[in-house]
Each structure stands twice: as C-alpha cells, then as structure tokens.
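Enquirer: sequence and computational prediction follow.
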Amino acid sequence: MDEVQTDTNSQSETASEYASSERAAETTREEKPASGANSAGICYCGKERNLNIVELLCANCSRWFHESCIGYQLGKLVPFISNYMFVCKNCSQSGLEIFRKSQATIPQMCVTAIANMQQNAVKDGKSKFLFSKDKEIIPYIEQYWEAMTTMPRRVTQSWYSTVQRSLVKEVNILFTYEENAETGAMFGLVTQDLSLIKPNYDTMGKGGLLRTSEDGHGTGK
C-alpha cells in the first residue's frame, strides 16, 4: 500500500542553519523601521486576508502574505496548503523571500481539498461543509496533486484506500463524518474557520525541517 513517507534526509538537515538565520533576521528587524503594512500584520500591501487566493504565513513574523504580493516564483500552489516553509523579505537575512514546499501527508491533502471546496461553495453563494470522499475529495486531490505536494503522482489507485484510512482515523480530530444514502461517506472539517489553516512551524522546527540557504531562496522546492 502506498503510504506517504517523510523525507528523513531533509528532516535531519541543519536545523542550526535556520536558527542562525533567525538570529540574523532578529538583528535585521531591529534595524528596519516597521512600515504601516507590517504593523497591520497583513502582507506588504497592508490589505486584509483573501481566502480566495493563495496566502503564505511567514515562519518568522507570523504575518500572512498574498501570492500576488510575493516576488518569489512559487510554482503551482493551491490555497490552504500547510506543507511549506516561507520567510518574507522583511525577515530574511538577505532581503529575499524564502520558500520551500515539502511533501504533504494524505491528511494534509484531504484538509486542503475540503477547505478549497468549502471556500468555492462560499464564492458561489452556497453553504456546504460536507463532501463525498469518492466523488469530490479524491477527484480534487487527483486534479491538483502537483500543486499540493512534491511527492510524485501515484500511477495506481492504491492510495485511495490510504485516503479512506486517513479520513476515518482523524474523525473528530481533523474531520467530521456523515453517511449519506446517495453519496456514501461524507467528510468535512472539524474547524470550519479556514483562516486557521496554516503550517505547524513549531513541529517543523523541532524536526529540523526549517532551513534556509544563504542566498535567501528556499531549496528542495
């Protein structure tokens, strides 16, 4: 059975390198006066969050940044991913943004899929919180696989059962569940406030996943 495995080599790489960058960034921030946008806590532009587009959370200052305001070429992304590391140019030692997308777990991909479908319903003026595993969640992941993870696309459908196990295992933790006579198993998010979906930088830091390169650009994208 295809299981999502963490890249252990990436995890073990130079957590101290990130710590060094953090210390340097602290010094840089002390030397830079805070702009209006920074004091507002949202992006370089100072505008509010927009859940209809990709937004990234800075690992250092915990501010959100709109994809359209970020200079780094991010590649394929979808909103509500949490398997990445981003440092804004104000926090980066070099003044260049740092970004790295990592391999997603199946539960992370399910959260991303459900969140996007929930937000798409809002855009259409609808209120929908439950989605079919077979007819909606799996097809969404298949359609946006490359935008959601660095893991190579599966050539067989054996990962479908991994989705089933992951959803059921995380019921009442990440997901809600209802059985529908017509559509079968329906899943939603326990936390329906989509603005709360973000990377767990505390866990990533402890696992050594937060690391940067000297030129300010992330590696391993």
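Expert: It's in.

Enquirer: what are the boundaries of the helices in the chain?
Expert: In the chain, the helices defined using DSSP state H lie at 8-12, 15-31, 36-40, 106-123, 138-143, 145-148, 159-169, 201-206.

Enquirer: distance check, the closest residue to Gly71 other than its chain neighbours against Ile197.
Expert: Distances taken as C-beta to C-beta, 6 or more residues apart in numbering place Glu97 nearest to Gly71, at 6.0 Å, with adjacent residues excluded. Glycine gets a C-beta too; all of them are placed from N, C-alpha and C. Distance of Glu97 to Ile197, computed by C-beta to C-beta, to the nearest Å: 21 Å.

Enquirer: who has more neighbours out of those two?
Expert: Taking other C-beta atoms under 10 Å, Glu97 and Ile197 do not tie; Glu97 has more neighbours (23 against 20).

Enquirer: report pLDDT for that one.
Expert: On the pLDDT scale, Glu97 is placed at 98.

Enquirer: and the protein, what are its domains?
Expert: Following automatic domain parsing, the chain resolves into domains at 8-103+195-206, 106-194.

Enquirer: just to revisit the earlier point, would you mind measuring from the residue nearest to Gly71 to Ala59?
Expert: Between Glu97 and Ala59 the computed distance is 11 Å (C-beta to C-beta).

Enquirer: tell me, what's touching the two both at once?
Expert: Each of Phe86, Val87 lies in contact with both Glu97 and Ala59 under the rule C-beta atoms under 8 Å, 6 or more residues apart in numbering.
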